[in-house]
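>>> turn this into a model:
(chains A, B, C and D)
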There are 2 protein chains.
Amino acid sequence: MVFFMSKAGDTRLMILQKAFDLVYKHGFQATSIDDIIATTQVTKGAFFYHFKNKEEMGLAMINELMYPGMIKVLVEPLLAAQDPAKEVYLMMHNVLLKQPMFNVKYGCPAVNLIEEMAPLNQQFNQALGKLFNEWQNAISQVIKQGKISGTIKDSVDEKQVAYFVMAGYSGIRNMGKMLGTACYKTYLAELKKYLNQL
Amino acid sequence: MVFFMSKAGDTRLMILQKAFDLVYKHGFQATSIDDIIATTQVTKGAFFYHFKNKEEMGLAMINELMYPGMIKVLVEPLLAAQDPAKEVYLMMHNVLLKQPMFNVKYGCPAVNLIEEMAPLNQQFNQALGKLFNEWQNAISQVIKQGKISGTIKDSVDEKQVAYFVMAGYSGIRNMGKMLGTACYKTYLAELKKYLNQL
DNA sequence: TGCAAAACATACCAAATGGTATTTTTTATG
DNA sequence: CATAAAAAATACCATTTGGTATGTTTTGCA
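From the prediction side, this is the model:
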C-alpha cells in the first residue's frame, strides 16, 4: 500500500523529489546524502530506511519520477499525431520552452544524468536508455505514419530522423547552459525547416 | 621560458594531461587531486606549486589543452573549405569516428565539461563558450561562402544551420554513451542528407 | 488494549577531500 | 663554487562523505 499516500510513502516520495531537484542542479555525484536530508528535514535513519544506498535512491528517482514525467512530455503528445512534421515540432517546442520545471541553465535532467552516469554505472545507463528508446520508437512511428499517409517522403529513413531529432534535443540542452534560451529559438527555427523538408 | 621543455614545464604539462584523462573519464568534480597526483607520481607540493587550486588547474586544462586540440579538429578543417556540405560532413565524420583519443563511452571532453560545469562555474562557462563560439563562426562562415558560390540555397540561415549542426554533435556524443558507435553512423547518414538538401 | 513490525531518530565512524605549512632538493647564475 | 630562488617533497588538518549500529517512536491489527 506504499503508493497511496501512506505516511511512509509520502516521506519516500518527498526524498525523491528533493533529491531530483538537487541532482538536476548539481549532478548526482555532487549531491550528497547530507544535502538531501538537510533540505528534506528527514533524518539519515529515515533515508537509509527507504533506500539501501545512494545508488538505489538514484535509480528510484529515475524510474519513479523522471521516466513517467518525461514520457508524458516527449512520447504521449506524439501518439495521436496527424501531421508528423507539425507534431514533432510542437513536442520539441513544448519541452524546450513551456516546461516550467526545467531551467535553461540546468538543461534537461535526463540528458544530464546520461552525460554524467551512463559511462560510470550500468544500471543508470539501462534505466535512462529505456526512456530514450521509447522516445525513439515514438518519433520513428510518427514519421512512418507520415510516409504512409503521404505527408512524408518515402525516401526518408524514420530511424535516422529520430536519432537526428533526439541528438538535436540533447545537444541544444547542452548549448543552452552556455547560451541561454536564445539558442533554443534558433534551434527550433531550423528544426522546423528540417522537418518540413522531409 | 616555461613553455619550452623546461623540467618544470614538463611537470606542469604532465599534470594537465593526466588530469585531462581522468576528467574525461570521470568528470571534473569526481576527479580528486589525490587521483591526479597518484597517476602522475607527482606530489601534492608540486601540484599546488603549479596551480593555485583545483579550479585554476581545470581552467588551465581547458585553455592550454582542450581549446587548441579541439580547434584543430573542429575549426581548422573548415577554413579552406570549397564544398560546404562536404566539408562540414567530413569534419563531423572525422571527429566522431577518427579521433583515437576519444572513446564513444566517454563522449566528448568539451561537451562533458559544459554539461557538468557550465551551470556551476562562470569561468568554465566562459572558457568553453569561447571554443563553441569559434566553432559556430567557422561553420557559419563556410555556409555563407557556399551561398555566395552557389552550392547552398540563398534561403538558408547560416547561423541556424551552425546551431543545428553543433547541437547534433553535442547530442550524439551524449547518446553514444548509451548506444555506442552505431548511433554515430546513423546520425552521420542523416546529417549528410540534411547538408545536401541545404 | 497489547504488541510486533514499520518508520524514524541519534550518534557514531573510517575514508576521502581540498588545501596549508614547512622543509628539502634542484637549478640557474654571478 | 656559493647562493638565492624555483621546484618539489612531506606531514599535517578541518570538513565532508557514504554508511552503520543502536536506539526510540509510531502504526496497523489481533
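>>> and stretch A:17-29, is it in reach of DNA strand C?
No. Counting by C-beta under 7 Å from any atom of the strand, no contacts exist between stretch A:17-29 and DNA strand C, the nearest distance being 10.0 Å. Every residue, glycine included, has its C-beta placed from N, CA and C.
>>> tell me if that stretch is near chain B.
Yes. Against chain B, stretch A:17-29 shows contacts by C-beta under 8 Å from any C-beta of the partner chain at A:25-27, A:29.
>>> how about that stretch, which residues are buried there?
For stretch A:17-29, the neighbour count (16 or more other C-beta atoms under 10 Å in any protein chain shown) marks A:18-29 as buried.
>>> kindly report the same for stretch A:162-182.
A:162-179.
>>> what count of nearby residues applies to A:Gly107?
For A:Gly107, the neighbour count with other C-beta atoms under 10 Å in any protein chain shown is 23.
>>> right, and it touches A:Arg173 too?
Yes. Using C-beta atoms under 8 Å, A:Gly107 is in contact with A:Arg173, at 4.3 Å.
>>> next one: the helix or strand that contains A:Glu56 to chain centre, how far?
According to DSSP states H and E, A:Glu56 maps onto helix A:54-61. Relative to its chain's centre, helix A:54-61 lies at 16 Å (C-alpha atoms, centre = their mean, to the nearest Å).
>>> stretch A:152-159 too?
On C-alpha atoms, centre = their mean, the centre of stretch A:152-159 falls 25 Å from that of its chain.
>>> which residues are contacting that stretch?
Residues from elsewhere that reach stretch A:152-159, judged by C-beta atoms under 8 Å, 6 or more residues apart in numbering or on different chains: A:84-85, A:136, A:139-141, A:143-144, A:146-147, A:198, B:186, B:189-190.
>>> now list the buried members of these.
Using 16+ other C-beta under 10 Å, the buried ones in those are A:84-85, A:136, A:139-141, A:143-144, A:146-147, A:198, B:186, B:190.
>>> sitting in helices, which of the buried residues of stretch A:162-182 do you find?
With helices taken from DSSP state H, the overlap with the buried residues of stretch A:162-182 comprises A:162-179.
>>> of the residues you listed, which are in range of chain B?
A:163-164, A:166-175, A:177-179.
>>> ok, of these, which one's closest to B:Glu56?
Lowest distance from B:Glu56 to those (C-beta to C-beta) belongs to A:Met178, with 20.5 Å.
>>> run through the residues that contact that closest one.
B:114, B:118, B:125, B:128-129, B:132.
>>> I'd like to know how far the residue lying closest to it once chain neighbours are set aside sits from B:Lys159.
Spatial nearest neighbour of A:Met178, excluding adjacent residues (C-beta to C-beta, 6 or more residues apart in numbering or on different chains): B:Gly129 at 4.6 Å. Separation of B:Gly129 from B:Lys159 (C-beta to C-beta, to the nearest Å): 16 Å.
>>> is DNA strand D within reach of the top helix by length along chain A?
Ordering each helix of chain A by length in residues (DSSP H) puts helix A:122-149 first. No. Figure legend: helix A:122-149 not in contact with DNA strand D (C-beta under 7 Å from any atom of the strand); closest approach 13.5 Å.
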